[in-house]
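Chemist: 3D model of this:
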Amino acid sequence: MPYPSSGHSRFARAGLPPQVSLLRQRGEHLESKVTNIELFFDLVFVYAVTQLSHTLLHQLNLVGALQVLLLFLAVWWVWIFTGWVTNWLDPERSMVRVALLTLMLAGLLLSIAIPDAFGERGMLFAGAYVFMQVGRTLFMLWAIGDAAPANTRNFQRIAVWLATSGVLWLIGGWLDGQTRAACWVAALLLEYLGPAMTFRVPGLGRSSTADWNVDGGHLAERCSQFVIIALGESVLVTGSSFAETLRQPTALLAFISAFIGSVAMWWIYFDLGAERGSRAIRQSDDPGRTARVAYTYLHLLIVAGIIVCAVADELTLRYPQQRTDVITSAVLVGGPALYLLGNALFKKTVNHTNLPLSHLVGLALLAALALTLAWWPIAALGVATTVVLLVVAIWEVRSLRHVRESMEEGSTH
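Modeler: Have a look, this model is predicted:
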């Protein structure tokens, strides 16, 4: 059910004018728009994604990959939680803008710390992260007041979960080595279990997805924008790496392959997938449940796949003739596989259908490539994975023509 009007909030009860409410107005014919301040906030995460891909490239081993995975999960979690919060808050209000800009500053510090988060900047990373997670939640509690009692209780429970995990983050930042990693893994497990466990807290009960009164269209658009951020990083890596490798004879082929791969990834997600997902969550009887599974959890696979593909593109441009090894092969094949798997699960969830056959065939082709890794130089394997993505994109366009036609007909009525 929609939020009460601002006149029923604690601001009105205090005798303040209704317009000081910090919540978005909700109603049948009202749709929450993504605002410029939200897009401005996202700029920090362009930098964060860049830091993640460069850190993975420079620490291309099992330990480095696991560390980057942990840092990526933290970056995604702080961004998606902020996306949920701005779904409820009105970013056109000055206080909300100040809060977002404060989070933006903390996010910049978080991003700066990423390359050395398991070194000297561990406390900077942990402190910035905990400040963003706990501080944003406390601000949300203050902003809601008594305008939405169910969501107030929801954020009380969230505050308990994040404060508990925050202790682990800070302890890990203070310690080092394997102890830091263990504390941070435990903190992330706790946070990722929170929504799945509906933030159950002794004495406060558990939340219900029915209480998570989200505007599905807004959250879908926000997640689509993060996918664009990640794809933008991939294009930037392709351009900058090609500029540095122009004299290599295979650079042009690797450049074209990387660009086509980025286009194919855009097509797989945005041609119909993003719009169908947006329509599905807007029409859902329980948008909170759809948002939790399809956008909070499954989108991290999609974004992770793009980041790994960006690293793969740089490898194909810088070391085209080098033979693949286990690590480079995992990057070259694993990036597209993560991306296709995330898209397949996302589309199955929002459309209530089987896994897309085109995506399953693409995953099978990538698995076949993985069985022949010893035969491939890096550039050739990069081209092969691009062909797989292109096949999936073309297949889906052709197989969903009737869906496109029905969507176009529906939009004209």
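Chemist: list the contacts for Ser53?
Modeler: Contact partners of Ser53, counting by CB atoms under 8 Å, 6 or more residues apart in numbering, are Glu233, Val237, Ile307, Ala310, Val311, Glu314. C-beta coordinates here come from the backbone N, C-alpha and C atoms, glycine included.
Chemist: Which one (most neighbours) among those?
Modeler: Counting neighbours by other CB atoms under 10 Å, Ala310 leads these with 32 neighbours.
Chemist: Ignoring the adjacent residues along the chain, who's closest to it?
Modeler: Ser234 (4.1 Å; CB to CB, 6 or more residues apart in numbering).
Chemist: next one: Gly127
Modeler: Nearest residue to Gly127, sequence neighbours excluded (CB to CB, 6+ apart): Gly173, at 6.5 Å.
Chemist: Stretch 103-123 - what's its average pLDDT?
Modeler: Stretch 103-123 shows an average pLDDT of 97 in the prediction.
Chemist: How far away from the center of its chain is that stretch?
Modeler: Remark: stretch 103-123 is offset 18 Å from the chain centroid, using CA atoms, centre = their mean, to the nearest Å.
Chemist: buried stuff in that stretch?
Modeler: Neighbour counts over stretch 103-123 (16 or more other CB atoms under 10 Å) mark 103-104, 106-107, 109-115, 117-118, 121-123 as buried.
Chemist: Could you tell me whether Pro91 really is in a strand?
Modeler: No: with DSSP: H, G, I helix; E, B strand; the rest coil as the criterion, Pro91 is coil rather than part of a strand.
Chemist: show me the contacts for it.
Modeler: Thr35, Ile37, Glu38, Arg97, Leu100.
Chemist: Could you say which of these is surrounded by the most neighbours?
Modeler: Leu100 (23 neighbours).
Chemist: Which of the helices or strands spans that residue?
Modeler: Assigned by DSSP states H and E, Leu100 belongs to helix 94-113.
Chemist: helices and strands around that helix, which ones?
Modeler: Here helix 94-113 touches helix 36-58, helix 62-88, helix 122-144, going by 3 or more CB pairs under 8 Å, 6 or more residues apart in numbering; DSSP states H and E.
Chemist: coming back round to it: quick one: the contacts of Ser53 as CSV, columns for pLDDT and distance to Gly205 too.
Modeler: As requested, the contacts of Ser53 are arranged in CSV below (pLDDT from 0 to 100; distance: CB to CB, whole Å):
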residue, pLDDT, distance to Gly205
Glu233, 86, 41
Val237, 83, 47
Ile307, 95, 37
Ala310, 93, 43
Val311, 94, 44
Glu314, 91, 49
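Chemist: Just those residues: which are in helices?
Modeler: Within these, residues falling in helices by DSSP state H are Glu233, Val237, Ile307, Ala310, Val311, Glu314.
Chemist: how close does the residue lying closest to the second one once chain neighbours are set aside sit to Pro320?
Modeler: The reference is to Val237. Distances taken as CB to CB, 6+ apart put Ala310 closest to Val237, at 4.6 Å, once the chain neighbours are dropped. As judged by CB to CB, to the nearest Å, Ala310 and Pro320 stand 16 Å apart.
Chemist: ok, back up a step: Trp76 versus the residue nearest to Val237, what's the distance?
Modeler: Taking CB to CB, one finds Ala310 at 15 Å from Trp76.
Chemist: Show me what counts as buried in the helix or strand hosting His218.
Modeler: His218 is part of helix 216-244 when elements are defined by DSSP H and E. For helix 216-244, the buried set under the neighbour-count rule, 16+ other CB under 10 Å, comprises 216-224, 226-235, 237-238, 241-242.
Chemist: cool, stretch 282-302 as well?
Modeler: Quick answer for stretch 282-302 (16+ other CB under 10 Å): 282, 284, 287-302.
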